[in-house]
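> Give me a model of this one.
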Amino acid sequence: MPKERYNPYDNFLGVMDHAANIMGMKPDDYVTLRYPERELKVSLPVRMDDGSIKVFEGYRVQHSTLLGPGKGGIRYHEHIDIDDVKALAGMMTFKCAVVGIPYGGAKGGVAVDPKTLSCGELERLTRRYTAAILPIIGPQKDVPAPDVGTNAQIMDWIMDTYSMNMGYPVHGVVTGKSIEVGGSLGRKEATGRGITIIALQLLAKLDKPPKGIKIAVQGMGNVGSVSAQLLSDAGALITAVSDVSGGVYSPSGLDVAAITAFLDGGKRRLSEYNAQNVTHITNEELLSSDCELLIPAALEHQITEHNAKHIRAKIIVEGANGPTTEEADAILKARGITVVPDILANAGGVTVSYCEWVQNIQSVLWDIDNVNDFLAKIMKKAFGEVYAAAAQYDCTLRNAAYIVALKRVSTAHKLRGIFP
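Numbering: from 1, shown residues only. Model (predicted):
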């Protein structure tokens, strides 16, 4: 019989159930979180540059709004489907809850490879998608943001399309916008900066100074490149980095700034990069490379039951959403590898998205120091709570993060009750 397809939503449910079991939570206290509040699937006809009509599939899932408006990115990726979006929306519920910001969880996506579209086609697709999901989004309903395959320009188009339909500017309908149209200082770097804060907090707990620590980063997009640079600035040796074309490795440390400049925001690939004492490796080889700390910052489902036994890092800080499967998690735990979960490690992005949203709805501006100070305060507080929960329940940091979040969401459920 063919092997059953990996379902990321089932993986999410398994992690949530395990956390609930650890703290003895009754099913009635969290059963509603097993079911997304709303799932929208839309067809998106777009006129292509050659005059033909192509129809794309899009999704928006609102997992929970118990703690506030739905919050979560929009992903443009050719292989995305409803189960991916449901899992990502569920993780957003827990991500917002673990850092204690007043948002629920949501996620969106369009099944498309954005690199195959012209700028005009991408704009028409984005505006059509916005029009299709417009009835369920809004500053007090559901606030999208960038994710894999999307960026500030796409958020600008979404904001403009929504505003044209409302008849007035609505900056707070999305976050991650360009600064000139209501974006926040520090938002672009926020996820990578948050990962760095968490990594340094954990190293301090383990009494490991960052100077000389060997770190491998899978994924040199915005998140991975910022993390790599900030950790390098802190004294760490970035020994391996990768993108979709493969990776590069140097045991004496890579020049992160030079690599980032070479990649030029995705205009070039690492497969084209060459420097002295640098060797080319695959993404799989990066995961098992000789390092002390591994940051998977690419896509989900990267660390699996097949490669978890080959990982040499003793610490994993998840930069991507869902990079480790439930089966792999068990292997890593048995091997004594400490994993900081995605819902804590990469929550810097949604934390500064909250800053942007607050600025938009209050019509105020924060300077970069206010944004970064707020981010550091929130991330350090969340790390402390998760670390304490791990000690209290004698469990992994992933279980502890879900415990902290589940307590907050289930408490809101009890207090609000069921309508009608």
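> Excluding chain neighbours, give the residue nearest to the residue nearest in space to the middle of the chain in space.
For the chain, the residue nearest the mean C-alpha position is N321 (4.6 Å; C-alpha atoms, centre = their mean). In this structure, N321 finds its nearest non-sequential neighbour in D342, 5.2 Å apart by C-beta to C-beta, 6 or more residues apart in numbering. All C-beta atoms are positioned from the backbone trio N, CA, C, and that covers glycine.
> OK, contacts around the one you found?
M91, K95, E318, G319, A320, N321, G322, P323 (C-beta atoms under 8 Å, 6 or more residues apart in numbering).
> cool, and I137?
Contact analysis of I137 by C-beta under 8 Å, 6+ apart lists R60, V143, P144, Y162, V173.
> what's the distance between it and Q62?
According to C-beta to C-beta, to the nearest Å, I137 and Q62 sit 9 Å apart.
> How about A320?
22 Å.
> for D147, same thing?
For D147, the distance to Q62 - C-beta to C-beta - is 15 Å.
> Show me which of those two is the more surrounded one.
Taking neighbours as other C-beta atoms under 10 Å, D147 and Q62 compare with Q62 leading, 26 against 22.
> beta partners for that one?
R38, A106 (DSSP bridges).
> these two touch, right, it and I136?
Yes. Counting by C-beta atoms under 8 Å, Q62 touches I136, with 6.9 Å between them.
> before we move on, the earlier item: got the contact list for the residue nearest to the centre of the chain?
By C-beta under 8 Å, 6+ apart, the contact list for N321 reads L88, M91, E300, D342, N346.
> Mind checking which of these are in helices?
Using DSSP state H, the members of those that fall within helices are L88, M91, D342.
> Looking at those residues, which is nearest E121?
Distance to E121, by C-beta to C-beta, is smallest for L88 among these, at 24.6 Å.
> The residue lying closest to G266 once chain neighbours are set aside: neighbour count?
Excluding its sequence neighbours, the residue lying closest to G266 (C-beta to C-beta, 6+ apart) is G221, at 7.2 Å. Using other C-beta under 10 Å, G221 is surrounded by 19 other residues.
> again, but for I22
If you count neighbours by other C-beta under 10 Å, I22 ends up with 18.
> likewise S118?
By other C-beta under 10 Å, neighbour count at S118 equals 10.
> quick one, what contacts it?
For S118, the contacting residues are D49, by C-beta under 8 Å, 6+ apart.
> Tell me the spacing between it and M48.
Using C-beta to C-beta, S118 is found at 8 Å from M48.
> next one: phi and psi at L293?
phi -130, psi 130 (degrees, to the nearest 10).
> Tell me how far it lies from V42.
The gap separating L293 from V42 is 41 Å, by C-beta to C-beta.
> quick one on the thing from earlier: isn't there a helix covering the residue nearest to the centre of the chain?
No. Going by DSSP: H, G, I helix; E, B strand; the rest coil, the assignment for N321 is coil, not a helix.
> Now the longest helix anywhere in the chain: buried residues?
Taking DSSP H as the criterion, the chain has its longest helix at helix 368-393. Counting neighbours by 16 or more other C-beta atoms under 10 Å, one finds that the buried residues in helix 368-393 are 371-372, 374-376, 378-379, 382-383, 385-387, 389-390.
> any chance of those residues in JSON lines, plus pLDDT?
Listed next are those as JSON lines, based on pLDDT from 0 to 100:
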{"residue": "V371", "pLDDT": "97"}
{"residue": "N372", "pLDDT": "97"}
{"residue": "F374", "pLDDT": "98"}
{"residue": "L375", "pLDDT": "98"}
{"residue": "A376", "pLDDT": "98"}
{"residue": "I378", "pLDDT": "98"}
{"residue": "M379", "pLDDT": "98"}
{"residue": "A382", "pLDDT": "98"}
{"residue": "F383", "pLDDT": "98"}
{"residue": "E385", "pLDDT": "98"}
{"residue": "V386", "pLDDT": "98"}
{"residue": "Y387", "pLDDT": "98"}
{"residue": "A389", "pLDDT": "98"}
{"residue": "A390", "pLDDT": "97"}
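> Can you show me the helices along the stretch 251-400 of the chain?
Ranges of helices in the stretch 251-400 of the chain, per DSSP state H, counting those that start in this stretch, are 256-263, 283-287, 326-334, 342-345, 348-362, 368-393, 397-416.
> same question for the first one, mean pLDDT?
So that's helix 256-263. Averaging pLDDT along helix 256-263 gives 96.
> same for that helix, what does it pack against?
Applying 3 or more C-beta pairs under 8 Å, 6 or more residues apart in numbering; DSSP states H and E, one finds that helix 256-263 makes contact with helix 222-233, strand 237-243.
> just those: most buried one?
For the helices and strands packed on helix 256-263, average neighbour numbers computed from mean count of other C-beta atoms under 10 Å are highest in strand 237-243, which has a mean of 25.
> Counting by contacts, list what the helix or strand that contains V55 packs against.
Using DSSP states H and E, V55 maps to strand 53-64. Applying 3+ C-beta pairs under 8 Å, 6+ apart, one finds that strand 53-64 contacts strand 38-47, strand 70-76, helix 82-99, strand 105-110, helix 119-133, strand 142-146.
> how does it look with 10 Å?
Identification of packing neighbours for strand 53-64 by 3 or more C-beta pairs under 10 Å, 6 or more residues apart in numbering; DSSP states H and E yields helix 8-22, strand 38-47, strand 70-76, helix 82-99, strand 105-110, helix 119-133, strand 142-146, helix 397-416.
> what angle do that strand and strand 70-76 make?
Counting by axes from the mean of the first three to the mean of the last three C-alpha atoms, to 10 degrees, strand 53-64 points 150 degrees away from the direction of strand 70-76.
> what do S118 and M48 both touch?
Counting by C-beta atoms under 10 Å, 6 or more residues apart in numbering, the residues touching both S118 and M48 are R124.
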